[in-house]
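In: generate a structure from the sequence data that follows.
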Amino acid sequence: MAKFLLYFLFFFSFSQLILSSSFSLSFSNSTIICPHGQSLALLRLKKSFSVMLDSGSWVCNYYGGTTSYPKTEYWKEGSDCCSWDGVTCDFVTGHVIELDLSCSWLFGTIHSNSTLFLLPHLQRLNLAFNDFNGSSVSSGFGRFSSLTHLNLSHSQFSVAEPSPWRFPDHDIHLPKLKFLSLQGNGDLIGNFPRFNESNSLVHLDLSVTRFGGELPNSIGNLRSLQTLHLSGCEFLGSIPTSLENLTQITSLHLIGNHFNGRIPNVFCNLRNLISLRLSSNNFSGQLPPSIGNLTNLHHLDFADNQLEGVIPSSTLNGFSSLSYVSLRYNSFNGTIPSWVYTQPLLVELDLSHNKLTGRIGEFQFDSLEYIDLSMNELDGSIPSSIFEFVNLRALYLSSNNLSGILETSKFEKLRYLTDLDLSNNMLSLTMSRNSNSMLPNIESCNLLQGPLPTLPDSTFFFSVSHNKLIGEISTLICKASSMGVLDLSYNNLSGMLPHCLGNFSKGLNVLNLRRNQFHGTIPLTFLQDNYIKTLDFNDNQLEGRVPRSLIICRELEVLDLGNNKINDTFPHWLGTLPMLQVLVLRSNHFHGHIGVSKIKFPFTSLRIIDLAHNDFEGDLPEMYFRSLKAIMNIDEGNMTRNYIGSEYYQDSIMVTIKGLEIKLVKILNTFTTIDMSSNKFQGEIPECIGNLNSLRGLNLSHNDLTGHISLSFRSLKMLESLDLSSNKLSGQIPQELTSLTFLAVLNLSQNHLTGYIPQGNQFGTFGNDSYYENSGLCGFPLSKRCTIDEIPNPSQEIEAAFESGFDWKITLMGYGCGLVIGFSLGCLIFLSRKPKWLVWIIAQNIHKKIIRYKRSTHRR
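Out: The predicted structure follows:
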């Protein structure tokens with residue numbers, strides 16, 4: 001009995017505990033219901049704005065680092081506002097204490113009588129990254145006496161002319177304010193606000209506004225301030241000495257103002273400073289010695305001023321954490337200070353455009369990725385430690401008095417180097433015999449200038465692209481009879497090409513003269529049994545006809561004659577070249593009908609064809625389309641992917657996608673494209689184009705093509721870009737095009753297309769610009785809605801599905817199985833009345849679908 005009583009007392013006590021907890025929880029929950037007045041104020045605030053996708057959304061995504069969405073869309077009348085997106089309530093009183101509507105696509109004006117100011121208990125208010133259409137920063141913001149955080153950045157606050165209103169520069173009576181950001185409101189005018197000594201401000205950002213005038217001495221009252229960003233404003237005058245009171249400051253940015261005079265010696269007590277950026281002002285004089293006390297400094301930026309004198313050395317030896325130093329565009333003289341060479345974390349160093357002298361010392365650490373010492377008076381040789389910087393991306397040492405001989409092998413370790421400028425020195429470059437000791441992949445190299453140097457007769461590989469070479473190519477170059485690669489691209493060479501250039505070396509593989517100023521004709525003779533694989537004459541001023549002697553270049557893979565003045569008909573005889581993969585004739589004066597070739601199977605290896613911007617006319621070359629075997633049935637899964645070229649030279653090409661020229665630094669052997677745009681082709685697009693099922697890009701725009709878009713396009717399963725714009729195509733857009741799941745770019749604009757725009761797959765991603773100036777089109781994404789007659793009949797879509805591989809046998813099998821299973825389940829339900837397991841499965845599926853629907857709705 002005693003044991004029974006003991007159990008009873010235990011369960012009684014436990015149940016009382018649960019009841020009391022439940023009561024406490026329900027009571028606690030009941031206290032955080034949003035007050036009706038504040039809920040009503042928020043709903044009225046919502047109605048005062050419209051929601052527009054462009055209202056600060058891209059700025060938010062770019063600068064804010066977060067995804068924007070319309071938070072107020074989920075605010076519903078009758079629900080607890082404490083549960084609304086962006087709203088936070090006090091857990092005891094229920095008052096709204098935080099409102100975060102940043103990145104909410106809001107558009108409209110905040111008036112002085114806005115219901116926003118009926119939320120007196122706000123502690124945090126974030127309206128950043130919206131578009132408030134030139135709203136003024138109303139005095140209503142001063143009513144938030146409990147406010148600690150106010151963020152109005154990038155939200156189009158301004159001063160509407162001719163209103164005399166300015167941001168208040170009187171004392172700000174927000175005693176609890178710690179965070180204030182007005183950054184990115186480019187039309188917001190004001191002077192620096194005055195703060196009393198009792199302020200609690202920690203973060204102040206007025207960058208990229210029209211705040212101006214002189215900084216008041218009261219700035220020294222901001223003793224708790226850690227961040228002061230005033231970059232891109234209109235402040236002027238000198239920096240007040242009271243700045244030395246900001247002993248807690250970690251980041252001081254005054255970039256791009258009109259400050260002048262000397263930089264005051266105020267840094268003695270600012271030992272917490274991590275980032276000091278005063279660039280692009282009018283400061284003069286020498287650097288203050290107290291900078292040496294900033295031993296925690298990571299960023300030191302005094303660039304673009306009028307500073308002079310010697311950069312302090314001994315007083316700045318305490319630096320050990322610097323990662324960024326920029327003193328460029330000043331008048332510093334003397335030698336580079338010793339502390340520069342001893343920074344273990346230094347990543348970027350820019351001392352360019354000064355008057356520095358002496359030698360460049362040896363760096364003790366290899367952390368540097370960017371070095372710019374150009375436009376000084378430095379002498380001596382380039383220190384060997386620079387060639388140990390394995391992460392170096394850019395090296396600018398131009399316009400000094402540097403001397404010495406550079407062996408290309410010294411660049412072996414600089415695998416990430418893309419920008420190299422050593423011009424206007426007294427340096428010379430020697431090419432290493434070892435093929436593994438050549439310069440890395442330099443995208444911008446201004447090492448060589450002046451006339452083209454004379455080459456040793458034994459030269460095999462000579463590549464001096466992206467330099468400033470001038471003058472003509474001497475016939476002496478033809479003595480280099482062992483030449484395998486000659487790349488003179490991207491220079492300022494001119495004159496006529498030597499006639500011997502095509503036949504001076506039987507072993508010549510690559511001749512690249514792209515983007516120079518050569519004129520005259522292409523060399524007419526080539527050696528029998530030559531090994532030429534690449535001929536690139538693009539972007540010069542060459543004239544005449546395509547030399548027929550090219551027919552003997554049986555190894556030719558790349559022929560690029562684009563952007564010249566060649567006047568000829570289509571060189572159909574090139575179709576006999578068995579290895580030709582790339583043919584570029586764009587932007588010349590080619591003309592006439594392409595016609596029918598006498599060759600049975602021409603251009604069987606061709607995978608990149610660019611005939612754009614010429615005067616070709618007549619029908620599209622159906623015969624050639626049928627012969628392009630290299631664009632048909634490529635089995636990428638079983639083929640070895642490699643690049644056109646050789647181990648020591650990679651071909652590159654410019655292609656046009658969506659109107660933009662894109663440089664393919666390497667040409668993958670699976671890349672295929674046809675561009676016949678901007679000619680005078682007529683007639684219909686041939687059905688056989690559907691055979692090119694490995695084609696990735698097709699551009700037939702700006703011609704006079706007529707007829708319908710062929711159904712055969714549905715076979716182009718690899719197609720990524722399709723441009724048929726600016727023709728005279730008519731009829732409907734085939735629904736079958738939605739099966740092209742790789743299609744990323746579509747342009748059908750400026751035609752005579754009609755009917756319903758297909759929906760599904762990639763077609764849901766295309767915008768208005770894909771269809772504009774087709775007055776007969778309707779449906780998404782156009783604003784024009786379709787009539788009932790224009791909407792496709794579902795039976796037609798089913799028929800299209802049948803045509804694309806619908807199998808009646810499989811369907812009938814499924815139908816039969818479904819009938820048997822359904823009949824069996826029906827009998828089971830009838831006999832057992834209510835089988836719980838089946839009801840439970842159905843209920844669970846419905847529950848899951850409801851949850852998924854709510855989540856997806858919320859995300860939208």
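
In: now stretch 594-608: how far from the chain's centre is it?
Out: Distance of stretch 594-608 from the chain centroid (C-alpha atoms, centre = their mean, to the nearest Å) equals 39 Å.

In: mind listing what's buried along it?
Out: Ile594, Ser597, Ile599, Pro602, Phe603, Thr604, Leu606, Arg607, Ile608 (16 or more other C-beta atoms under 10 Å). (Glycine included, C-beta is placed from N, CA and C.)

In: contacts for it?
Out: Here stretch 594-608 makes contact (C-beta atoms under 8 Å, 6 or more residues apart in numbering) with 570, 572-584, 609, 616, 618, 621, 623-624, 627-631, 653, 655, 667, 669, 671-673.

In: filter the residues you listed down to the buried ones.
Out: Listed as buried from those are 570, 572, 574-575, 577, 580-584, 609, 616, 621, 623-624, 627-631, 653, 655, 667, 669, 671-673; burial here means 16+ other C-beta under 10 Å.

In: which residues in the stretch 501-650 of the chain form strands?
Out: Remark: strands assigned in the stretch 501-650 of the chain by DSSP state E, counting those that start in this stretch are 510-512, 517-521, 534-536, 541-543, 558-560, 582-584, 591-593, 608-610, 615-619.

In: so can I have a markdown table of those strands showing mean pLDDT and distance to Leu316?
Out: A markdown table is the format used below for the strands of the stretch 501-650 of the chain (pLDDT from 0 to 100; distance: least, C-beta to C-beta, whole Å):
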| stretch | mean pLDDT | distance to Leu316 |
| --- | --- | --- |
| strand 510-512 | 92 | 49 |
| strand 517-521 | 95 | 49 |
| strand 534-536 | 93 | 51 |
| strand 541-543 | 96 | 55 |
| strand 558-560 | 94 | 54 |
| strand 582-584 | 94 | 56 |
| strand 591-593 | 95 | 69 |
| strand 608-610 | 94 | 56 |
| strand 615-619 | 96 | 67 |
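
In: on that earlier part again, next step: the buried ones among the contacts of stretch 594-608 restricted to helices.
Out: Met623, Tyr624, Ser627 (DSSP state H).

In: what sits against the first one?
Out: Met623 makes contacts with Val596, Ser597, Pro602, as judged by C-beta under 8 Å, 6+ apart.

In: how about those residues in JSON lines, adding distance to Phe742 and pLDDT?
Out: What follows is those, written out as JSON lines (distance: C-beta to C-beta, whole Å; pLDDT from 0 to 100):
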{"residue": "Val596", "distance to Phe742": "32", "pLDDT": "81"}
{"residue": "Ser597", "distance to Phe742": "31", "pLDDT": "80"}
{"residue": "Pro602", "distance to Phe742": "28", "pLDDT": "92"}
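
In: so which of those residues is the closest to Asn491?
Out: Pro602 (35.1 Å; C-beta to C-beta).

In: and which of the ones in helices among the buried ones among the contacts of stretch 594-608 is nearest Lys176?
Out: Nearest to Lys176 among those, with distances taken as C-beta to C-beta, is Tyr624, at 76.7 Å.

In: please name the residues that touch that closest one.
Out: Neighbouring residues of Tyr624 by C-beta under 8 Å, 6+ apart: Gly575, Ile594, Ser597, Pro602, Phe603.

In: between those residues, which sits nearest Ser251?
Out: Out of these, the member with the shortest distance to Ser251 (by C-beta to C-beta) is Phe603, at 62.1 Å.
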